[in-house]
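Q: heads up, no residue letters with this:
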């Protein structure tokens, strides 16, 4: 059962004439209790006869509905002032996060730490984090950049190369500091030049050691062959790398990160629960590839894996809202300075950390599945990694607000996802 607390806060009606307000609450079709003035919407009102739409959310025990109606004579004065709908969930974690290093790290880490309890930290720095010693040193830099009152916990990873040794994997497990090993096919994405060139020829002993220690392999699931169409690289990777890998090492824990296609959804669902899972980004839930070109080229919507067709987006939404435990939150938030995005050869990566949870809430609300949000954001990830769920809570309010056009720092500017747009959910 989802431990979701839903609060319906009163509607205040300001009027110079008389009207009646009645609301009803249904739970599992059995219990009915009057909640005078309750609502959860911002829908416009007709001045002559006001009607509040029914809001339904499918919970584990049935359907909760809030319904309201205002009727009577034409009302003068101001229209009803509708207060906020809010709900509380277990604090989420981010199972795929780029924090960078130096001034970027010091500037952006607070955006993730404000919302998330923990995060899997990507190791594709320059130079990459290939050893336990380097990972521990990077963790110290992250902790030093956090506000003094923060409880945020960075979960470190290693960058897999052709030369990674089984001894380093043993040391990683014994250290208690390493929670995964990241596979970047060489040349597939940002700072992947040192990635793997031949997984089966050069990394099998390392992968076997990881399987024995239960250390997950975190996969950027695209081939880097430039002869393969950019929109097909995920599917080709699944067919040529992932499926053979699962056949060879069926007990190796694998996270296919930032999935983008129906092919990835079907692959994950075909695998054994507890051994293969996937992270999903807000951009791949909310955007399709049209977002790259609407109104001109949109560099701040460019990421790798690249956005795909609408049919793929719909398949991913269906997967994450199905209740499956194999899918969980991984924002892939990737900060780049504005001038690095808006140039002749712009960097891949979307910065979503400050607004990630409201974006996920938007996607789940659009799918009519807010009751599935908590498991996706807060339960499935730690369960897969064998970690305890967070005990702290976080509250989302239904309130319209505008995403900043940009975040300005002493070194430059970072443009976030949905820059300047209005979102309907806010972390209180």
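A: Sure, I can see it. The shown structure was predicted, so the numbers you read here are calculated from the model rather than taken from an experiment.
Q: Show the residue spans covered by the helices in the stretch 51-200 of the chain.
A: Assigned by DSSP state H, counting those that start in this stretch, the helices in the stretch 51-200 of the chain fall at 102-113, 132-145, 166-175, 199-202.
Q: Disregarding residues adjacent in the polypeptide, which is nearest to residue 213?
A: Excluding the flanking residues, the one nearest residue 213 by CB to CB, 6 or more residues apart in numbering is residue 173, at 4.2 Å. Backbone N, C-alpha and C define where each C-beta goes, glycine included.
Q: which ones are touching the one you found?
A: Going by CB atoms under 8 Å, 6 or more residues apart in numbering, residue 173 touches 213, 214, 215.
Q: let's see it at 10 Å
A: Applying CB atoms under 10 Å, 6 or more residues apart in numbering, we find residue 173 in contact with 132, 179, 209, 210, 212, 213, 214, 215.
Q: Run a quick neighbour tally on the closest residue to the second one other than its chain neighbours.
A: If you skip the residues right next to it in sequence, residue 179 has residue 155 as its closest partner in space, 4.3 Å away by CB to CB, 6+ apart. The local packing count at residue 155 equals 19, with neighbours defined by other CB atoms under 10 Å.
Q: shouldn't residue 155 be in contact with residue 97?
A: Yes: assessed by CB atoms under 10 Å, residue 155 is found in contact with residue 97 at 9.3 Å.
Q: list residues touching both of the two?
A: 118, 119, 120, 121.
Q: What separation is there between the last one and residue 227?
A: Here the criterion is CB to CB, to the nearest Å. By it, residue 121 lies 33 Å from residue 227.
Q: higher neighbour count, the two?
A: Using other CB under 10 Å, the more surrounded residue of residue 121 and residue 227 is residue 121, with 26 against 5.
Q: and the residue lying closest to that one once chain neighbours are set aside, how many neighbours?
A: Spatially, and ignoring its direct neighbours in sequence, residue 121 is nearest to residue 154 (4.9 Å; CB to CB, 6+ apart). By other CB under 10 Å, the residues close to residue 154 number 25.
Q: Also residue 159?
A: Using other CB under 10 Å, residue 159 is surrounded by 25 other residues.
Q: thought it was touching residue 172?
A: No: in this structure residue 159 lies outside contact range of residue 172 using CB under 10 Å: 11.6 Å.
Q: Residues that sit against both of those two, list them.
A: Common contacts of residue 159 and residue 172 (CB under 10 Å, 6+ apart): 131, 135, 181.
Q: Buried ones among those residues?
A: The neighbour-count criterion (16 or more other CB atoms under 10 Å) marks 131, 135, 181 among the shared contacts of residue 159 and residue 172 as buried.
Q: The second one reaches residue 120, doesn't it?
A: No: the criterion here is CB under 10 Å, and residue 135 misses it with residue 120 at 11.8 Å.
Q: Overlap of the contact sets of the two?
A: The contact sets of residue 135 and residue 120 overlap at 154, 156, 157, 179 (CB under 10 Å, 6+ apart).
Q: Filter these down to the ones in strands?
A: Secondary structure from DSSP state E places 154, 156, 157, 179 of the shared contacts of residue 135 and residue 120 in strands.
Q: now the helices for the stretch 201-350 of the chain?
A: Using DSSP H, counting those that start in this stretch, the helices of the stretch 201-350 of the chain run over residues 204-213, 233-237, 243-248, 262-270, 282-286, 310-320, 338-341.
Q: Quick one, which of those helices gets closest to residue 369.
A: Closest to residue 369 of those, according to CB to CB: helix 310-320, at 8.3 Å.
Q: End to end on stretch 230-243, go ahead and measure it.
A: End-to-end distance of stretch 230-243 (CA to CA, to the nearest Å): 20 Å.
Q: Can you give me the buried ones in that stretch?
A: 231, 233, 234, 235, 236, 237, 238, 241, 242.
Q: Quick check: mean pLDDT of it?
A: Here stretch 230-243 scores 97 as its mean pLDDT.
Q: Need the nearest residue in space to residue 235, chain neighbours excluded.
A: Nearest non-adjacent residue to residue 235, counting by CB to CB, 6+ apart: residue 263, 4.4 Å away.
Q: now residue 189
A: The spatially closest residue to residue 189, leaving aside those adjacent along the chain, is residue 304, at 4.4 Å (CB to CB, 6+ apart).
Q: Report the contact partners of that neighbour.
A: Counting by CB under 10 Å, 6+ apart, residue 304 makes contact with 188-190, 192, 220, 222, 230, 233, 258, 260, 332, 334, 347-350.
Q: at 8 Å instead, please
A: 188, 189, 190, 222, 348, 349.
Q: can you give me the strands for the stretch 251-400 of the chain?
A: Secondary structure of the stretch 251-400 of the chain (DSSP state E, counting those that start in this stretch): strands at 254-257, 276-280, 327-329, 393-402.
Q: Contacts for stretch 245-254 next, please.
A: The list of residues contacting stretch 245-254 from outside it, by CB under 8 Å, 6+ apart, reads 199-200, 204, 207-208, 210-211, 214-217, 219, 242, 271-272, 274-277, 384.
Q: Let me fix that, I meant to ask about stretch 139-147.
A: Identification of contacts with stretch 139-147 by CB under 8 Å, 6+ apart yields 99, 101, 105, 106, 109, 110, 113, 121, 152, 154, 156, 177.
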